[in-house]
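Engineer: for reference, the sequence and a predicted model appear below.
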Amino acid sequence: MARLARLYAPDTPQLIQVRFNRALASPHEPTPADTLDSLAAWFRDAALEEGVPVHGWTLLNDRLVLLGSPADKSAMSRMMQAFGRRFAARLLKGRAFAERYRSALLQPGAWVLQGLVWLEHLPVQQGYVDEAGRWPWSSAAQHTGVGTPGSRWTSEHADYWHLGNTPFERQARYRRLLEQGPSQAQVKQIESALFGQWALGDAEFLERIGRESTRRLVPAKRGRPRKEVTES
């Protein structure tokens with residue numbers, strides 16, 4: 001079965017997940033802080049080199065998840081390849097990723113914040129920390145104003161800016177969203193879109209970006225098309 005072409009539409013945020021070929025540590029081992037620090041730096045450098053505005057990101061022992069708006073249809077692929085080359089050459093000495101990265105297009109104003117909350121809440125969901133902002137290898141500390149934020153290099157999406165008129169207001173409102181976490185229904189929809197590599201949004205959004213996207217945005221309906229009955 002031929003694999004799907006990369007999904008892209010201009011000015012449309014992409015949610016990305018790539019799993020590492022080998023986990024950095026098992027759940028029962030100490031967090032490999034130095035390794036995660038290196039991966040975070042290599043990811044930042046790759047994003048800046050390729051000019052991909054990254055709105056949020058999370059590194060775990062087994063994966064990288066991010067939300068960004070690539071400038072062109074190949075920018076995200078170039079960034080992930082650059083990150084993978086650094087990872088493989090300097091750390092693994094072999095294949096970096098277990099598979100191609102998966103991606104989903106998210107509708108601004110409807111799914112961007114939900115996608116951001118989902119990815120920054122993963123360390124809590126996976127049992128790494130009790131509070132998302134205290135996981136050092138993500139953008140959550142910057143968005144919530146808690147923990148220890150690293151150097152700011154990400155590019156906030158407009159949906160985040162619309163949370164408030166001041167940094168404190170935006171951080172407080174987003175912190176409440178992150179503390180609550182995504183609903184089970186949101187997790188199911190996001191993970192389904194990401195696994196299938198589809199777009200997530202309403203009918204108007206899908207129709208609009210469908211005219212400029214690189215391929216079909218949603219799964220085809222199952223089964224054979226119905227035959228039209230003609231009168232004799």
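Structural biologist: Sure, I can see it.

Engineer: let me know the average pLDDT across stretch 165-181.
Structural biologist: Averaging pLDDT along stretch 165-181 yields 96.

Engineer: other residues contacting it?
Structural biologist: 113, 117, 120-121, 124-125, 131-133, 140, 143-146, 160-161, 163-164 (Cβ atoms under 8 Å, 6 or more residues apart in numbering). No exception for glycine: its C-beta is placed from N, CA and C like everyone else's.

Engineer: can you say which of those residues are buried?
Structural biologist: 113, 117, 120-121, 124, 132-133, 140, 143-144, 146, 160, 163 (16 or more other Cβ atoms under 10 Å).

Engineer: dump those residues to JSON lines, plus secondary structure.
Structural biologist: Output for the buried ones among the contacts of stretch 165-181, formatted as JSON lines (DSSP: H, G, I helix; E, B strand; the rest coil):
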{"residue": "113", "secondary structure": "helix"}
{"residue": "117", "secondary structure": "helix"}
{"residue": "120", "secondary structure": "helix"}
{"residue": "121", "secondary structure": "coil"}
{"residue": "124", "secondary structure": "helix"}
{"residue": "132", "secondary structure": "helix"}
{"residue": "133", "secondary structure": "helix"}
{"residue": "140", "secondary structure": "helix"}
{"residue": "143", "secondary structure": "helix"}
{"residue": "144", "secondary structure": "helix"}
{"residue": "146", "secondary structure": "coil"}
{"residue": "160", "secondary structure": "helix"}
{"residue": "163", "secondary structure": "coil"}
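
Engineer: export stretch 105-117 to CSV, keeping only CA atoms.
Structural biologist: Taking C-alpha atoms only, stretch 105-117 is exported to CSV below (Å, rounded to 0.1, in the frame of the first residue of the first chain):
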residue,chain,number,x,y,z
LEU,A,105,-3.6,20.1,10.1
LEU,A,106,-5.5,22.1,12.8
GLN,A,107,-8.1,24.8,12.3
PRO,A,108,-7.1,28.1,13.9
GLY,A,109,-9.7,29.4,16.3
ALA,A,110,-11.0,25.9,17.0
TRP,A,111,-8.2,23.3,17.4
VAL,A,112,-4.9,25.1,17.8
LEU,A,113,-5.2,25.7,21.5
GLN,A,114,-6.6,22.3,22.0
GLY,A,115,-3.6,20.8,20.1
LEU,A,116,-1.2,22.9,22.2
VAL,A,117,-2.8,21.8,25.4
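
Engineer: may I see the buried residues of that stretch?
Structural biologist: Quick answer for stretch 105-117 (16+ other Cβ under 10 Å): 105-108, 111-117.

Engineer: farthest pair within those?
Structural biologist: Using Cβ to Cβ, the buried residues of stretch 105-117 span at most 17.4 Å, a distance reached by 105 and 117.

Engineer: residue 53 and residue 125, how far apart?
Structural biologist: Going from residue 53 to residue 125 by Cβ to Cβ, to the nearest Å gives 25 Å.
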